[in-house]
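J.: Sharing a model that was predicted from the sequence below.
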Amino acid sequence: MKIRTLTQGLVAAAALGALAVTAASGIARAEPKKGGTLVMSILGTPRHLNPAVQSGIATGEPGTQLFAAPLRYDDGWNPQPYLAKSWSVSDDGLAVTLNLVEGATFHDGRPITSEDVAFSIKTVQENHPFKSMFAPVEKVETPDALTAVIILSQPHPALLLAMSSQLLAIIPKHIYGDGQDPKTHPRNSENVVGSGPFKLVEFKRDQHIILERFENFFIKDRPYLDKIVMRIIKDGAARTIALESGEVMLSGFEQSARDLKRLSKSDHLDVSREGYAAIGSIVWLAFNTKEGKTADKAVRQAISYAVDRNFILKALMLGTAESAKTGIHPGSPFYDDSVNGYDLDLDKANKILDDAGYARGSDGMRFGLTVDFGWATVKPFAEYMKPQLKKIGIDVTVRASADFPTWAKRISNHEFDMTMDNVFNWGDPVIGVHRTYDSENIKKGVIWSNTQQYSNDRVDELMKLAGSTYDQEKRKKYYAEFQQILSDELPVYWLFAGPYHTVANKKLGNPPNTIWGTSAPLDRVYLK
Amino acid sequence: MGFWATIAKRVGYGLLLLVAVLVLNFTLISIAPGDIADTIAGDMGGADASVIEEIRTRYGLDQPFYVQLWRYMSRVAQLDLGHSYFFNTAVTTLIFEKLFATLLLVFSAQILAVILGTVLGVLAAKKPNGAVSLTVTFLSLFGFAAPVFWTGILLIILFVSIFPIFPVAGMFDVTVEGGFFVQLIDLLHHLTLPMITLASIFLALYSRLARASMLEVLGTDYVRTARAKGVPERTVLYKHALRNALGPVVTVAGLQFSAVISGAVVVESVFSWPGLGTLALQSILARDTPTIMGILFFSSFVVIVFNILTDIALRLLDPRIKSG
């Protein structure tokens, strides 16, 4: 389980310039064998199977098999042709042209045309929870059946990632364009007609999703597998045993340190942390920057010096997770490793608090704070805060919530001092990173908005600049400054990248390893 | 009061009770912090403020409580349990999809617990201080004291991991293909562990009860008479005593039925058994009001109907029970 150093670098800028990217990603090692049934497990029942109107990995894992996107990504953040065989950006950056592959059809045999692409973008724009993905899209022109031109109101570098994996499912206009609300469309869960490598056979809530090879998939000879059975197993221990016994051969998004340790001992399983950088899960300690003691930057800095990230990584995560010093995933090309990581320094933490005038009382305590958590996986970190922050004279009360909505209500209404949280990048920083720090996104009642109520004009400006240029070097520069400011002001103290792992049986060829993890088409996977 | 008048009164009370159950639970869910918009956003990795706003408007969550309650109650009055917010499906469809799995688990566990419990109880009663009796007491108390999810996980580790005899989770193996009998065997194969787990809690109850009741009956005059008469011990035990000793067991088994159903919620979660318990838990965590209310409506309806039927049956069987 070695961390893969991502071949970052020439991403969007170079890729956009290149008119036709033809290089097939991945070097064929052994000749893939065709046929067979893959039994894999997924962690929960999706609400439905249409990623165009439903985000989240529960829908993403089956959804990316059923629906193709214009682009796909390899393991080094390089866009690859998928349903679009090539793409280009106009000189002013306001028009992105997609050239679709010829002869591609939906599962019902109807051709996939630029009309469907335009319809899909419109549907996602109107219904998907991440409005930032296609916000600058003014319209999509369809000069001919295989050409779609996306017209933008401003340059939009996040567009490429937003056109990959589960973020832009190409859905058939002749089915979803019947006037019914796409969010509650009956064809989202049954009789699904998709554009991806696999067709839906059966979707049974809490049991399984069965997918079957689509014979006329637009990539010749793919997919390799005849059938995929996605078993819905919520219990981690049960999944672990099923993987060990070989009953299940693949499971993505596994993150229980103890289960992973146990699975990595099995000789017929590969446990890998490759991929998932675009999902970009980061676990952090968020502060209320407007009310209470945590509104003081000194307090936030002192706490960050007092929390031992190394202890958390080694003792609590058993070495399964990677440190994250900023709000951008360490696997992203924009991650800035040079920021202050607030390595453990109790003397400094105490000094900061002394200097800021927080004297210790007779009981040795300076003041009290609460720390919230909303679900079991982050509970140990919240509990760790209590003894650890006692060392710098902060009396921490760990506040549990009965379930997710209870926690979400407290946090989204800003009724907290500190909370453990886990937020996803979702590809480009524009989509999943900005929302946490954008002062315009302080919205009461909305979870995972800027619930820290953090505001800084320069940070707002940097996000606007980085979000409206295709120049990768400039974007890196903006995001570097952005990370430096945030790391000084600490609306959040970032702990580590969510340790998503793919557990694959060694009988599996080409296990998924792209930046989207298992929420990406499994057309290259085969059984040895 | 005549027979029919009494029954009509029972039905009337039942309906009132049903309304009370619905109003009370609707209130409880509304008091619980957070709402469906939070869980939908949570499920999707966050959502734009406009999306959250739209969800709240769409499901009427922006309305005052009494409006929401009135809307729901008037829909139920038309026998419409509504649409699940979370699963985008009619609540009745969701419930009927899961009903068979739960009933199968509950009935099989209950039958196993009653039969095995009685057998063990009778064996123990034969020699109240013998080794068999002590073992039965120990095992049944162990089963009763151990948390049911722990028993389940223990059985999984033992019979799936160490001795791979049973499958880990689920109800069917979708890769198994074949006719009715192949499918049936596959179902029983999957059913075994959850059934044993659920039965283990109630085994203690029934075996203790059967033992006590058997001991009591064995001390009565007619048993002594039978023995004095020279009736073989087997016949005394199983023909004369057991029949009378079964009374309390059957009564308690009936009363415990709701407890078995609630135990099923936990067992279903451990074994990914696709039943109503899993659905109930999920919809409570998701604040999916229509689904929770639908399940509660359904279960209280069943309980009320069974109570009325028991009442009728008792009246027909024993004329001494007068109206009241």
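T.: Received, thanks.
J.: quick one: contacts for the residue in chain B that chain A sits nearest to?
T.: Going by Cβ to the nearest Cβ, chain A is nearest to B:G34 of chain B, at 2.4 Å. (Glycine included, C-beta is placed from N, CA and C.) Counting by Cβ atoms under 8 Å, 6 or more residues apart in numbering or on different chains, B:G34 makes contact with A:403-409, B:287.
J.: Count the residues that sit near residue 131.
T.: Chain wasn't specified; assuming chain A. 17 (other Cβ atoms under 10 Å in any protein chain shown).
J.: I was after chain B.
T.: 8.
J.: for A:G179, same thing?
T.: Using other Cβ under 10 Å, A:G179 has 5 neighbouring residues.
J.: shaky segments in the chain?
T.: Picking chain A for this. A:1-30 (pLDDT under 70).
J.: Chain B, not that one
T.: B:1, B:175, B:254-255, B:257, B:314, B:317-324.
J.: how does it divide up, domain by domain?
T.: B:3-77, B:92-323 (automatic domain parsing).
J.: Among the contacts of B:G34, which lie within strands?
T.: Per DSSP state E, strands hold no members of the contacts of B:G34.
J.: Let me know the closest of these to B:A241.
T.: A:D403 (50.7 Å; Cβ to Cβ).
J.: out of everything not next to it in sequence, what's closest to the closest one?
T.: B:L285 (5.0 Å; Cβ to Cβ, 6 or more residues apart in numbering or on different chains).
J.: so what's the backbone phi/psi at that neighbour?
T.: phi -60, psi -30 (degrees, to the nearest 10).
J.: residues in contact with it?
T.: For B:L285, the contact set (Cβ under 8 Å, 6+ apart) comprises A:403-405, B:39.
J.: Each with direction, which strands does the helix or strand where A:Q80 lies pair with?
T.: According to DSSP states H and E, A:Q80 maps onto strand A:79-81. According to DSSP bridges, strand A:79-81 has the following sheet partners: strand A:71-73 (antiparallel).
J.: Centre of the chain to the strand it pairs with, how far?
T.: Computed by Cα atoms, centre = their mean, to the nearest Å, the chain-centroid distance of strand A:71-73 equals 15 Å.
J.: For the stretch 301-450 of chain A, which residue gets nearest to chain B?
T.: Counting by Cβ to the nearest Cβ, the stretch 301-450 of chain A gets nearest to chain B through A:P405 (2.4 Å).
J.: Contact residues of the stretch 201-350 of chain A facing chain B?
T.: A:204-208, A:210, A:229, A:231-235, A:237-238, A:241-242, A:244-245, A:247 (Cβ under 8 Å from any Cβ of the partner chain).
J.: at 10 Å what do you get?
T.: A:201-202, A:204-210, A:227, A:229-235, A:237-248, A:279, A:281 (Cβ under 10 Å from any Cβ of the partner chain).
J.: How about the stretch 351-500 of chain A?
T.: A:374-375, A:401-413, A:422-426, A:431-432, A:435-436, A:440-449.
J.: center of chain B - which residue?
T.: B:I261 (1.2 Å; Cα atoms, centre = their mean).
J.: rewinding a little: buried ones only from the residues of the stretch 201-350 of chain A next to chain B, please, as a ChimeraX command.
T.: Here is the ChimeraX command that picks out the buried ones among those, judged by 16 or more other Cβ atoms under 10 Å in any protein chain shown:
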select /A:204,205,206,207,208,209,210,227,229,230,231,232,233,234,235,237,238,239,240,241,242,243,244,247,248,279,281
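J.: Which helix or which strand is home to residue 107?
T.: All of this is about chain A. Going by DSSP H and E, A:H107 is not in any helix or strand.
J.: right idea, wrong chain: chain B
T.: Going by DSSP H and E, B:F107 is part of helix B:91-126.
J.: Dump the contacts of B:L285 to TSV, plus distance to B:L28 and neighbour count.
T.: Putting the contacts of B:L285 into TSV (distance: Cβ to Cβ, whole Å; neighbours: other Cβ atoms under 10 Å in any protein chain shown) gives the following:
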residue	distance to B:L28	neighbour count
A:D403	14	17
A:F404	18	20
A:P405	14	25
B:T39	17	24
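J.: Among these, which ones are in helices?
T.: A:404-405, B:39 (DSSP state H).
J.: Quick one: the residues you listed as TSV, columns for distance to A:M365 too.
T.: Output for the ones in helices among the contacts of B:L285, formatted as TSV (distance: Cβ to Cβ, whole Å):
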residue	distance to A:M365
A:F404	31
A:P405	33
B:T39	37
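J.: Please name every helix or strand in contact with the host helix or strand of A:Y384.
T.: Per DSSP H and E: A:Y384 is located in helix A:379-390. Helix A:379-390 is packed against strand A:281-287, helix A:297-306, strand A:367-373, strand A:394-400, strand A:418-424, with contacts defined by 3 or more Cβ pairs under 10 Å, 6 or more residues apart in numbering or on different chains; DSSP states H and E.
J.: can you redo these as TSV with distance to A:Y454?
T.: Formatted as TSV, the helices and strands packed on helix A:379-390 follow (distance: least, Cβ to Cβ, whole Å):
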stretch	distance to A:Y454
strand A:281-287	8
helix A:297-306	10
strand A:367-373	17
strand A:394-400	21
strand A:418-424	13
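J.: Would you agree the residue of the stretch 301-450 of chain A closest to chain B is in contact with B:P33?
T.: Yes: A:P405 lies in contact with B:P33 (Cβ atoms under 10 Å); the separation is 6.5 Å.
J.: Now for the two: what residues contact both?
T.: Residues touching both A:P405 and B:P33 (Cβ atoms under 10 Å, 6 or more residues apart in numbering or on different chains) are B:R287.
J.: Any chance you could give me stretch B:91-104 in PDB, C-alpha atoms only?
T.: C-alpha atoms of stretch B:91-104 as PDB (Å, rounded to 0.1, in the frame of the first residue of the first chain):
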ATOM      1  CA  VAL B  91     -44.700   3.900   0.400                       C
ATOM      2  CA  THR B  92     -47.000   0.900  -0.100                       C
ATOM      3  CA  THR B  93     -44.800  -0.500  -2.800                       C
ATOM      4  CA  LEU B  94     -41.800  -0.100  -0.500                       C
ATOM      5  CA  ILE B  95     -43.600  -1.800   2.400                       C
ATOM      6  CA  PHE B  96     -44.900  -4.700   0.300                       C
ATOM      7  CA  GLU B  97     -41.500  -5.200  -1.200                       C
ATOM      8  CA  LYS B  98     -40.000  -5.800   2.200                       C
ATOM      9  CA  LEU B  99     -42.900  -7.500   4.000                       C
ATOM     10  CA  PHE B 100     -42.300 -11.000   2.900                       C
ATOM     11  CA  ALA B 101     -38.700 -11.000   4.100                       C
ATOM     12  CA  THR B 102     -39.600  -9.700   7.500                       C
ATOM     13  CA  LEU B 103     -42.500 -12.100   8.000                       C
ATOM     14  CA  LEU B 104     -40.400 -15.000   6.900                       C
END
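J.: quick one: it near chain A?
T.: Yes: applying Cβ under 10 Å from any Cβ, one finds stretch B:91-104 touching chain A at B:94, B:97-98, B:101.
J.: Just the buried positions in that stretch, please.
T.: B:91-92, B:94-95, B:97-98, B:101-102, B:104.
J.: ok, now which ones touch the residue of the stretch 1-150 of chain A at minimum distance from chain B?
T.: Closest contact between the stretch 1-150 of chain A and chain B, by Cβ to the nearest Cβ, is at A:P129 (3.3 Å). With contact taken as Cβ under 10 Å, 6+ apart, A:P129 is in contact with A:53-56, A:448, B:40-41, B:43-48, B:50-52, B:55.
J.: Drop anything exposed from the residues you listed.
T.: Buried members of those, scored by 16+ other Cβ under 10 Å, are A:53-56, A:448, B:40-41, B:43-48, B:51-52, B:55.
J.: May I see the buried residues of stretch A:107-124?
T.: Buried, per 16+ other Cβ under 10 Å, within stretch A:107-124: A:107, A:112-124.
J.: what does stretch A:164-181 give?
T.: A:164-173, A:175-176.
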